[in-house]
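A.B. asks: What follows is a predicted structure for the sequence shown.
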Amino acid sequence: MHLAAFMNAGAQGTIGWRHPDAADNFLSAEYYTHIARVLEAACFDMAFIPDALAMPRSLGGNFDPAVRWGSGTPRLDPLPALAIMAAVTRHLGLAATVSTGYHQPFTLARTFSTLDHLTHGRAAWNVVTSFQDAEAQNFGEDKLPPRDVRYAKAEEFMEATTRLWDSWADDALVMDKASGVFGHPERVRATDYKGEFFKVQGPLGVPRSPQGYPVIVQAGASPAGRDFASRWADVIFCSHESFESAQAFYADMKQRAAAHGRDPDQLKVIVAATTVIGATHDEAIAKHNAYAALVTPEAGL
């Protein structure tokens, strides 16, 4: 069994921050180092931080509800939060969500390669294409491109980024102090990627990292998203309301991976579960009801 903690870099959801025992120091480094130590002690494989590049405007077309009720905001940059968590752990995987819609392959490849080096091979990237027009409006666009365009752009992004990660051979570094030779130029190659959306010369300025690529996480549920995930992802994150739908999704993703020439066993599927723990069933139900009482309907909307 693999365990991943799905956690915000910021207030914990629409009700988590309201609980009397909830910590309110989520703008401090200590908040994230505490969580990291708890997860590592509990043998979790990964801390997984979602992200979006805008304040939600889904209720009433403005951000007032997001601020008033703490729903979907604030969102800190997940990468600095994970870097802080990395410093106090040795085994915990560290997954950051970054959009292919509003970043560049070179900067993303460099950032994740750096994190992978500094954590001795514990970096993971949750690949998203963005999901709300408010994100597009923070980057000079009126609305998100259509889904097929977003996934076509994501395909190019992955092609360019993986070429950058592959631009350094494993043995390119020499660092021979006696001869003065730092590296083998013939073991480093230009990327020279040219597509419709991206053009990247390369090579990457960071030597090949311990994993080569970070662990790739994806959560696409549409047909286009499923096909993208089955081609690129190491880990699929999903949420289902029944065993039957989860099993059908699992089988579909494994079949799609095989169709891409991959070993289906190398594709891991992690299903979302919200757990409420009590010493007895009645105690757990009482805790669940106490959480539910904290829900503000406008926050959920």
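C.D. replies: Ah, there it is.
A.B. asks: Centre of the chain to the helix or strand of the chain with the lowest mean pLDDT, how far?
C.D. replies: None of the helices or strands of the chain scores lower by mean pLDDT, DSSP states H and E than helix 13-16, at a mean of 73. Taking CA atoms, centre = their mean, to the nearest Å, the mean C-alpha location of helix 13-16 is offset from the chain mean by 20 Å.
A.B. asks: Mind exporting the C-alpha coordinates of that helix to CSV?
C.D. replies: Output of helix 13-16 as CSV, limited to C-alpha atoms (Å, rounded to 0.1, in the frame of the first residue of the first chain):
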residue,chain,number,x,y,z
GLY,A,13,-9.8,23.5,3.0
THR,A,14,-13.2,25.0,3.7
ILE,A,15,-13.6,23.6,7.2
GLY,A,16,-10.1,22.4,8.3
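A.B. asks: contacts for it?
C.D. replies: Contacts to helix 13-16, defined as CB atoms under 8 Å, 6 or more residues apart in numbering, come from residues 22, 69-72, 291, 294-296, 299-300. Heads up, the C-betas are built off the backbone N, CA and C, glycines and all.
A.B. asks: Just the buried ones from those residues?
C.D. replies: For those, a burial check counting by 16 or more other CB atoms under 10 Å picks out 69-72, 299.
A.B. asks: Would you mind giving the residues you listed as a markdown table with secondary structure, distance to residue 236 and pLDDT added?
C.D. replies: Below are the buried ones among the contacts of helix 13-16 laid out as a markdown table (DSSP: H, G, I helix; E, B strand; the rest coil; distance: CB to CB, whole Å; pLDDT from 0 to 100):
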| residue | secondary structure | distance to residue 236 | pLDDT |
| --- | --- | --- | --- |
| 69 | helix | 31 | 86 |
| 70 | coil | 29 | 84 |
| 71 | coil | 26 | 78 |
| 72 | coil | 23 | 72 |
| 299 | helix | 28 | 81 |
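A.B. asks: Can you show me the CA trace of the longest helix along the chain as CSV?
C.D. replies: Longest helix in the chain by number of residues (criterion: DSSP state H): helix 147-165. Taking Å, rounded to 0.1, in the frame of the first residue of the first chain, the C-alpha atoms of helix 147-165 are listed here in CSV:
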residue,chain,number,x,y,z
ARG,A,147,-9.4,21.3,-23.4
ASP,A,148,-7.9,19.7,-26.6
VAL,A,149,-5.6,22.7,-27.0
ARG,A,150,-4.5,22.5,-23.3
TYR,A,151,-3.6,18.9,-23.6
ALA,A,152,-1.8,19.4,-27.0
LYS,A,153,0.2,22.1,-25.2
ALA,A,154,0.9,19.7,-22.3
GLU,A,155,2.1,17.0,-24.7
GLU,A,156,4.7,19.4,-26.1
PHE,A,157,5.6,20.6,-22.6
MET,A,158,6.4,17.1,-21.6
GLU,A,159,8.3,16.3,-24.7
ALA,A,160,10.5,19.4,-24.3
THR,A,161,10.9,19.0,-20.5
THR,A,162,12.0,15.3,-20.7
ARG,A,163,14.5,16.2,-23.5
LEU,A,164,16.0,18.8,-21.2
TRP,A,165,16.2,16.2,-18.3
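A.B. asks: is it possible to export the contacts of helix 13-16 to a markdown table including distance to residue 210?
C.D. replies: What follows is these, written out as a markdown table (distance: CB to CB, whole Å):
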| residue | distance to residue 210 |
| --- | --- |
| 22 | 36 |
| 69 | 42 |
| 70 | 38 |
| 71 | 38 |
| 72 | 34 |
| 291 | 40 |
| 294 | 42 |
| 295 | 43 |
| 296 | 44 |
| 299 | 41 |
| 300 | 41 |
